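# Here's a sequence, model it:
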Amino acid sequence: MTTTAPVANPRTLGLAHYAARGVLEHVLARHGITFQQQIALRAAVTADAPQTPDDLVAQVRGSLKADPADIRATLDELLANQLLVSDGAHLRPSAAGHELLAAVSAETAPVTARIWGGIPDEDLAAAGRVLALVTERANAELAALTA
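A predicted model of the protein is given here:
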């Protein structure tokens, strides 16, 4: 019996995204952090240099397409929880922020390995090409809609 693999389309992409995000959000909830907070904190942690609030808003908006006011509220929450700290005009992750992301990464690593493990390299490469193209096109469409 031959089983036909589903064709990639908006629904299959969305289902995969929300399934993976559900796993991550489950872990994040145990650490008392939201998905958007984690994205903003990761942007600060992985930056090559300290970021201004505007820099972080732009990075998070580029990733999540979220409202800038909501992202600023997220940065305020991270500051209030002392996961980010003010350093003049810049925000930088605190030691607690670094520790939180390290804990989340350590907890999700084995789950990620189970989810992605065993997928052939050529399938991952093809999926990567398709997803990069979909992202590029969707970003272009969003830019045209918001221009």
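
# and Thr34, what does it touch?
With contacts defined as Cβ atoms under 8 Å, 6 or more residues apart in numbering, Thr34 is in contact with 25, 28, 74. Any C-beta I mention is one placed from the backbone N, CA and C, and that applies to glycine too.

# Buried among those residues? Need that as a selection in PyMOL.
In PyMOL, this line selects whichever of these come out buried by 16 or more other Cβ atoms under 10 Å:
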select buried, resi 28+74
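
# of the contacts of Thr34, closest to Ala103?
Proximity of the contacts of Thr34 to Ala103, judged by Cβ to Cβ, is greatest for Leu28, which lies at 10.5 Å.

# The residue nearest to the spatial centre of the chain and Ala29: what is the separation?
Nearest to the mean C-alpha position of the chain, by Cα atoms, centre = their mean, lies Ile39 at 4.7 Å. The gap separating Ile39 from Ala29 is 15 Å, by Cβ to Cβ, to the nearest Å.

# mind showing which ranges of the protein have poor pLDDT?
For the chain, the stretches with pLDDT under 70 are 1-3.
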